[in-house]
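Chemist: Sequence below, structure please.
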Amino acid sequence: MTVTFVSNFINHHQAPLADCLYEKLGMEYHFVQTMPMEEERVNMGWDTGMTKKPYVRLYYEEPEACLQLILDSDVVIFGWTGETRLLTKRMETGKPTLRVSERIYREGQWKAISPKGLLAKYREHIRYKNTNLCMLCAGAYVASDFHLIHAYPDKMFKWGYFPPFKAYAPGELEAKKEAFMQENLVYATKPGETGPLQMVWAGRMIPLKHPEYVVKAAGKLTEQGFRYHVHMIGAGQMEEELRRMVVEQGLSANFTFYGFGTPEQVRELMEKCHIHLFTSNYLEGWGAVVNEGMNSGCVEIASAQAGAVPYLIAHGKNGFVYHKDSYKEFEKQVLYVVENWEQVQHVGQNAYETIANLWNAEKAADRLLEFCAHLQNGKIVFAKEGPLSVAPVISPRTER
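Modeler: I've put the predicted structure just below:
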């Protein structure tokens, strides 16, 4: 079976799945990259020579050969490409085809009433609703958007991003976190105190990710006498403001700012921290740092507005979720976790097991190939849970 994935560019979030598919299919698997990676993401360390992988083909260098590959493959999976004609050409073959999409109405479903917008959605999505084209929903609210325009009826599946999975020996993560906590004894305020809880926030410091929530919650923790240290890794337009807030609130001893870090540096820091804070709003399509934090055994405190969170986290079992775009809701969860740390720290182990047993590239690749085999025989078969299970229609309005 020949499988080809078509997307704008390959990155460290997509490569693990692509590597697994290549391992299972060999040269029967291809990744067609339709455009060069953006300079901003290159500067963030996303471009690590991935276009040199043996299965990657560059559409912008060999368009005719790539188009022929798309037409000839048994199954083709389209992400966002910027080249809609490639899907049109593929659909003319009648062969099994999948799409991967984040939300199409991220800024508001009211946009669905736009006649011009509906015409564009008809051409790209709705007209294929009675074909064998299926939708892999990269986020919990994607199904709601497509349900609104009556696209992909009974053909929407849970999907997402699968960053590199790291396996740890029993007790290994706990030891890393304990050692790091002891390294931070310098922040202890009384002789004999153990190190403070280590928290990490990672991402671009921009408004949709609400990094200011972290500083405000830290002030509340200090006010109530809790001991903690926050590691902020990332940069962006809000960095200067955040640093100023920390100084003005007298929290400098409780914060470390790192600037941009490579994906490897982010993971290394997560391995050492107890709690991962994820504060993005509804403009965050997925949020792969949630996968990474869970894989690192962190107790997640995460916004339900981001696409990954409802798929990955069951509140109180393998993480803690706050709803609506509300600082107060976030603060409530932070205070609960810190105050009840002895009772909730096992949640980090549950988070790790969720990624290890269900939401990783190896599992997703196995399920995808099994699904494609059924699709070739004219059958649509849903998994019971996790990747390629039914994507429920969850209204994003409940999270605003």
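Chemist: isn't Ile70 right up against Lys89?
Modeler: Yes - Ile70 lies in contact with Lys89 (Cβ atoms under 8 Å); the separation is 7.0 Å. Placement of C-beta: from N, CA and C, glycine included.
Chemist: more crowded one of these two?
Modeler: Neighbour comparison, Ile70 and Lys89: the larger count goes to Ile70, with 24 against 13 (by other Cβ atoms under 10 Å).
Chemist: quick one, phi psi at the residue nearest to the spatial centre of the chain?
Modeler: Nearest to the mean C-alpha position of the chain, counting by Cα atoms, centre = their mean, stands Ala288 at 2.5 Å. Main-chain dihedrals, Ala288, degrees, to the nearest 10: phi -70, psi -20.
Chemist: which ones are touching it?
Modeler: The neighbourhood of Ala288, defined by Cβ atoms under 8 Å, 6 or more residues apart in numbering, consists of 13, 161, 163, 308.
Chemist: same thing but 7 Å
Modeler: 13, 161, 163 (Cβ atoms under 7 Å, 6 or more residues apart in numbering).
Chemist: Check the secondary structure at the last one for me.
Modeler: When classified by DSSP: H, G, I helix; E, B strand; the rest coil, Pro163 comes out as coil.
Chemist: pretty sure it contacts Ala15?
Modeler: No - here Pro163 lies out of contact with Ala15, judged by Cβ atoms under 7 Å, at a distance of 8.9 Å.
Chemist: In terms of packing, which of those two has more residues around it?
Modeler: Higher neighbour count among Pro163 and Ala15: Pro163, with 25 against 20, using other Cβ under 10 Å.
Chemist: Quick check: closest non-adjacent residue to Asn362.
Modeler: Not quite, residue 362 is Glu, not Asn. Cys20 (5.4 Å; Cβ to Cβ, 6 or more residues apart in numbering).
Chemist: Could you give the number of residues near that neighbour?
Modeler: 22.
Chemist: Could you shift the numbering so residue one becomes 17, and keep it that way?
Modeler: All set: I'll call the first residue 17, so the last point we hit is now Cys36.
Chemist: which residues touch it?
Modeler: 377-378, 381.
Chemist: Next, it: secondary structure please.
Modeler: Quick answer, by three-state DSSP: Cys36 is helix.
Chemist: any chance you could map the helices in the stretch 217-366 of the chain?
Modeler: Secondary structure of the stretch 217-366 of the chain by DSSP state H, counting those that start in this stretch: the helices cover 228-239, 255-264, 279-288, 304-311, 324-328, 343-355, 357-360, 363-373.
Chemist: buried sites along the first one?
Modeler: Yep, that's helix 228-239 we're talking about. 228-235, 237-238 (16 or more other Cβ atoms under 10 Å).
Chemist: Against which helices or strands is the helix ranked longest in the chain packed?
Modeler: For the chain, the helix with the greatest residue count under DSSP state H is helix 377-392. Contact here means 3 or more Cβ pairs under 7 Å, 6 or more residues apart in numbering; DSSP states H and E; on that basis helix 377-392 packs against helix 31-41.
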